[in-house]
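> Return a 3D structure for these sequence lines:
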Amino acid sequence: MWQCKVCSGSLSSRYELLKHFRLQHRHMPRYPCPHINCPCTFKTFNALYIHLSRVHAQQNTQRLQQLSTYSCHLCTCSNLPTEKSYFLHIGTHLKSSETVTCMFESCTFYTNIYGTFHSHKNRKHTPHTFKDFKPGVVKITQVSQGSSYNPEEDAGNQVNSAVSADSACSSSDSDVAKNLPEVIEKNFAAVLLKLEHFAHVPGTKIDEFLEELHYLSSATLPLSIEILEKVFQKHSVTTERSMLEEVATAICTSNPLLKAIEKGGPLSSTYIRNQYYKESFNIVEPIEYILDAKEKRSFQYVPVLKSLQQLFVRKGVVDRLVENHKAQNRGTSEHHTYNSSQDGSYIKQNSFLSGDEMRILLCLYIDDFEICNPLGISRRKHKLCSHSSLSSIYLAVSCKTDDVKKYGYYRVMQPLLQDVKTLEQEGIFIPLLGRCLKGTIQVVVADNLGAHSIAGFTESFSSGYICRFCTGTRAEIQTKEVKSGAFTLRTKELHDSHVKLAHETGTSCFGVKKPCVISETIAHFNVHTGYPPDIMHDLFEGIVPVELACCLASLISNKYFNLETLNKSILHFPYKWADKTNRPHVIPHTFSTKATIGGNAHENWALLRLLPFIIGHLIPEGEMAWQILLDLKDIVELVVAPTHTDESIAYLEAKISEHRLKHQELFPGVHLLPKHHYLEHYPHLIRMFGPLVAFWTMRFEAKHSYFKQVVRHTNCFKNVPLSLATKHQLMISYHLRSSSIGKTPLQVTNVSTVPVDVLKEEMAQTIAQKFPGTSEVHLAKCVSSKGVTFRNGMIVAHGSTGGLPDFGEIVQICIVQESLCFILRRLSGWYREHFRAFELTACPSRETVLIELGELADEYPLADYFVGPLRLVTLKRHIDVI
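Residues are numbered from 1 along each chain as shown. Got it, this is the predicted structure:
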């Protein structure tokens, strides 16, 4: 029997399992190989079929696998793990002009020319199998996952279980056959939904396609009659023409696809299809709320309670919620660490969120974005404001920004806040838990303008009170540090008094204009604990491009290099892997007059991190402008760290203070930005909120691209919020049909399975100690784990020596019992202050070690670069060395 890896289904053959998988689990984000001992997964069925034909063509059972190793017949080299590595080895003999005799059975060909040999192999021995090699070349080992394999016992079991297997299959097959028309119809509907709302094919074009498809399918009736007639004649069965026509007509008319797309069928037109989607895919429909009927102003609200209920019918989501709650209640270590928002003081001080009861924490994201070309005449006409709740980025409210300004946040957010109030007071019932869970809004994630606008603070940052964390003014932040204690931090009581005074006087009080619309309705939400900073806008699109402009202008004026040299160096730098994707743009000629280099967050981050490798060798040590940039690089690495300790927070505070002094010393005429002041609050805010990287808007802003694509392809501006909300909800419902939520833990598409004893003795011993009973390992060149890609040649940090992190180069990626491991070549790392990077040198012993993914000091892989003779690697985020 073949067991489905996704559900508990058992099928009689691999072919039946693939049919089952394609019908029942076609919405999986990745499709796993059906063989138990194969960890590969694929994005498409076609890729899966190619894998099966290449790797498992000779494997007839789900558990048993043939492992092969190769031995060279010309030298003593043996245990070559793959056929490719074997022929690469043979190639080394040929390149040395050694005579090679053909290794295939009954072939006497020989040559010492590399090209001649490969031409012969391709002409005479393609394709081939293990049996085609001469004796002694290939060693075959039979391996069974989870238990020892006995061929006689397996044969006996197949005979003894035939009756029970057949009965199980017949029961399963009858259930499938009974529901097959409905399953086919739903899968076809899902394909059409994907075309219409993912690929944005217009509904009218799909209607035309379905009409033509139905006509062509119906036109095959005479062909079906002819085929039936030939089949009956082949089996010497005589029947009347009328019966053949009746059978062929019954077959055609009973086809669930034809019935679905015929005139009046459930998928025959755009309108009917949308009704079908709503009924069959559990879509949470947006509700239109009228702001002004005369002016036809409205907004769309997607009920958050229904969205939560739609989400929590998924077992994976509920399991994750329970796991997070258990992790929160586990005992803390002796050294306090900040791993998540649950470790921050704000949640610990909130009795509603920090109790023993499980809670649903909502994160609201607010931003406006242009849906048209920002350079065109419609630059502000169609600007939208969207609010998304939950970490999955579900849409809650879609409204035009002009309407928010005209009618206010209270009108636009009222239905959302009423639902959250219900969630807070009564909760929602979770069937999988058998009880109700309460929840509330934990934080509102937004840029500074959005946060000040909804929180009721002044929206001007050029003068006056510019901070939502303290009562500092734009003038005061130029001369006073947050670290000095010169600024009064805002509290609930202080904010309430400011709101009261602002209401009585009719003017803003200490930067407070009006009460926060959320805290007025939601009991457990407070202004001073609900608006974390956004490091993307503060740092990567704020401080970083501005300071890069100042410091680069200073370095160019000192004639260390010119702008042309800098831009050539940026363009021709040998970026690797993820750095190649986020490669920085060239510096514009107007950067000095504009006082910023511009660019997006990813590009600016990459430029700051790699700038020491690009131009560091051109700058003398001790240069003040260079020191300012290097300090800023250190600050960024600390801020984006996923884990903090009291020591790392204190170090960040000292670095920020030192950076401020150097900046004001070198650029006395340059005013500090409000974002410089917000940065000084970060050490305190990390203690309150936990790691701030969890609340940056970078992951949310990717959502904008989907909405922009919808508008660009629909080209309809009659009611943009409705169009976006409707298509978004259809897209969400499609994704929720998937059998898994989020990224799969391990993604690999190509592995070589080898016996453990092929590896070096120390590696085999380590695997035997960590994974007892393991007889084979899967070797891969590229693996993705939780969205992070690892490749051979990448550098990873593991352990520490003398207060510095240890590094290793990935020599081989291994998957052992579904655990991701790395065979690393140890490297010595020496810190180079001028580059803020580590110089890597090979260890004298050239020792290799086996490290599991969880043993890495940081799960983010790095790339090494050469600066002259130096092999350097720089961190992307700070690592606490213990």
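> show me where pLDDT drops low in the stretch 251-400 of the chain?
Low-confidence segments of the stretch 251-400 of the chain, defined by pLDDT under 70, span residues 329-335, 369-392.
> where along it do the helices fall?
Using DSSP state H, counting those that start in this stretch, the helices assigned to the stretch 251-400 of the chain run over residues 256-261, 270-280, 304-311, 315-329, 345-349, 351-354.
> Of all those helices, which one is nearest Phe487?
Comparison of these against Phe487 by Cβ to Cβ identifies helix 345-349 as nearest, at 18.6 Å. The way it works is simple: take the backbone N, C-alpha and C, and place the C-beta from them, glycine included.
> Out of the helices of the stretch 251-400 of the chain, flag the one nearest Tyr31.
Comparing those by their distance to Tyr31 (Cβ to Cβ), the top pick is helix 315-329, with 17.1 Å.
> Throw the helices of the stretch 251-400 of the chain into JSON lines and include mean neighbour count and distance to Lys655, thanks.
Supplementary listing: the helices of the stretch 251-400 of the chain in JSON lines, determined by neighbours: other Cβ atoms under 10 Å; distance: least, Cβ to Cβ, whole Å:
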{"stretch": "helix 256-261", "mean neighbour count": "19", "distance to Lys655": "63"}
{"stretch": "helix 270-280", "mean neighbour count": "16", "distance to Lys655": "53"}
{"stretch": "helix 304-311", "mean neighbour count": "20", "distance to Lys655": "40"}
{"stretch": "helix 315-329", "mean neighbour count": "14", "distance to Lys655": "30"}
{"stretch": "helix 345-349", "mean neighbour count": "16", "distance to Lys655": "22"}
{"stretch": "helix 351-354", "mean neighbour count": "14", "distance to Lys655": "31"}
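> tell me which element Ile879 falls in.
Secondary-structure assignment from DSSP states H and E places Ile879 in no helical or strand segment.
> correct me, but it touches Gly803?
No. Ile879 sits out of contact with Gly803 when judged by Cβ atoms under 8 Å, with a separation of 11.4 Å.
> Looking at these two, which one has more neighbours?
A count of neighbours by other Cβ atoms under 10 Å puts Ile879 above the other of Ile879 and Gly803, at 19 against 8.
> Mind putting the helices of the stretch 251-400 of the chain into JSON lines with distance to Ser8?
Compiled in JSON lines, the helices of the stretch 251-400 of the chain are given as follows (distance: least, Cβ to Cβ, whole Å):
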{"stretch": "helix 256-261", "distance to Ser8": "26"}
{"stretch": "helix 270-280", "distance to Ser8": "24"}
{"stretch": "helix 304-311", "distance to Ser8": "23"}
{"stretch": "helix 315-329", "distance to Ser8": "13"}
{"stretch": "helix 345-349", "distance to Ser8": "38"}
{"stretch": "helix 351-354", "distance to Ser8": "37"}
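> For Leu193, which of the ones you listed is the nearest?
Each of those has some distance to Leu193 by Cβ to Cβ; the shortest is helix 270-280, at 5.9 Å.
> who are the neighbours of the closest one, in terms of helices and strands?
For helix 270-280, the helices and strands in contact under the criterion 3 or more Cβ pairs under 8 Å, 6 or more residues apart in numbering; DSSP states H and E are helix 162-197, helix 203-218.
> Of the ones you listed, which shows the lowest average pLDDT?
Within those, the least confident segment by mean pLDDT turns out to be helix 162-197, at a mean of 67.
> Just the buried positions in stretch 711-729, please.
The neighbour-count criterion (16 or more other Cβ atoms under 10 Å) identifies Val711, Thr714, Val720, Pro721, Leu722, Ser723, Leu724, Ala725, Thr726, Lys727, His728, Gln729 as the buried residues of stretch 711-729.
> With secondary structure added, can I get those in TSV?
Shown next, in TSV, are the buried residues of stretch 711-729 (DSSP: H, G, I helix; E, B strand; the rest coil):
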residue	secondary structure
Val711	helix
Thr714	helix
Val720	helix
Pro721	helix
Leu722	helix
Ser723	helix
Leu724	helix
Ala725	helix
Thr726	helix
Lys727	helix
His728	helix
Gln729	helix
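> quick one: which of those residues is nearest to Cys107?
The nearest one, if we look at the buried residues of stretch 711-729 relative to Cys107 and count by Cβ to Cβ, is Lys727, at 61.6 Å.
> How much space separates Ala863 from Val586?
Between Ala863 and Val586 the distance, using Cβ to Cβ, to the nearest Å, works out to 21 Å.
> What of Asp880?
Distance, Asp880 to Val586, by Cβ to Cβ: 36 Å.
> which stretches of the stretch 651-800 of the chain form helices?
Taking DSSP H, counting those that start in this stretch as the criterion, the stretch 651-800 of the chain carries its helices at 674-689, 698-714, 720-736, 761-770.
> Out of these, which is the most enclosed?
Mean neighbour counts were compared across the helices of the stretch 651-800 of the chain using mean count of other Cβ atoms under 10 Å; the top stretch is helix 674-689, at a mean of 22.
> what helices or strands is that helix leaning on?
Applying 3+ Cβ pairs under 8 Å, 6+ apart, one finds that helix 674-689 makes contact with helix 345-349, helix 448-455, helix 646-666.
> okay, the second one in PDB with CA atoms only?
What follows is helix 448-455 as a C-alpha-only set of coordinates in PDB (Å, rounded to 0.1, in the frame of the first residue of the first chain):
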ATOM      1  CA  ASN A 448       5.500  57.700  11.400                       C
ATOM      2  CA  LEU A 449       2.900  59.800   9.500                       C
ATOM      3  CA  GLY A 450       0.400  56.900   9.600                       C
ATOM      4  CA  ALA A 451       1.000  56.200  13.200                       C
ATOM      5  CA  HIS A 452       0.700  59.900  14.300                       C
ATOM      6  CA  SER A 453      -2.400  60.300  12.200                       C
ATOM      7  CA  ILE A 454      -4.400  57.400  13.700                       C
ATOM      8  CA  ALA A 455      -3.100  57.900  17.200                       C
END
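> Following the chain onward from it, which element is next?
Next helix or strand after helix 448-455 toward the C-terminus (DSSP H and E): helix 492-505.
> Flag every buried residue along the helix or strand just after that following helix.
Past helix 492-505, heading to the C-terminal end, the next element that is a helix or strand (DSSP H and E) is helix 517-521. By neighbour count with 16+ other Cβ under 10 Å, helix 517-521 contains the buried residues Val517, Ile518, Ser519, Thr521.
> Name the nearest residue to the second one, sequence neighbours excluded.
This means Ile518. If the residues on either side of it in the chain are set aside, Ile518 comes closest to Phe525, at 5.3 Å by Cβ to Cβ, 6 or more residues apart in numbering.
> Name the helix or strand for Leu437, please.
Once you assign secondary structure using DSSP H and E, Leu437 falls within strand 435-446.
> chain center to that strand, what's the gap?
Between the centre of strand 435-446 and the centre of its chain there are 23 Å (Cα atoms, centre = their mean, to the nearest Å).
> buried stuff in it?
By neighbour count, and taking 16+ other Cβ under 10 Å as the criterion, the buried residues in strand 435-446 are Leu437, Lys438, Gly439, Thr440, Ile441, Gln442, Val443, Val444, Val445, Ala446.
> Extract the C-alpha set from stretch 9-25 and format it as PDB.
Included here for stretch 9-25 are C-alpha records, laid out as PDB according to Å, rounded to 0.1, in the frame of the first residue of the first chain:
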ATOM      1  CA  GLY A   9      -5.200   7.800   2.700                       C
ATOM      2  CA  SER A  10      -3.700   4.500   1.500                       C
ATOM      3  CA  LEU A  11      -3.600   3.600  -2.200                       C
ATOM      4  CA  SER A  12      -2.800   0.400  -4.100                       C
ATOM      5  CA  SER A  13      -0.100   1.800  -6.400                       C
ATOM      6  CA  ARG A  14       2.100   4.900  -7.000                       C
ATOM      7  CA  TYR A  15      -0.100   5.800 -10.000                       C
ATOM      8  CA  GLU A  16      -3.200   5.700  -7.800                       C
ATOM      9  CA  LEU A  17      -1.400   7.800  -5.200                       C
ATOM     10  CA  LEU A  18      -0.500  10.400  -7.700                       C
ATOM     11  CA  LYS A  19      -4.100  10.500  -9.000                       C
ATOM     12  CA  HIS A  20      -5.300  10.900  -5.400                       C
ATOM     13  CA  PHE A  21      -2.800  13.600  -4.700                       C
ATOM     14  CA  ARG A  22      -3.700  15.600  -7.800                       C
ATOM     15  CA  LEU A  23      -7.400  15.500  -7.100                       C
ATOM     16  CA  GLN A  24      -7.400  15.900  -3.300                       C
ATOM     17  CA  HIS A  25      -4.300  18.000  -2.600                       C
END
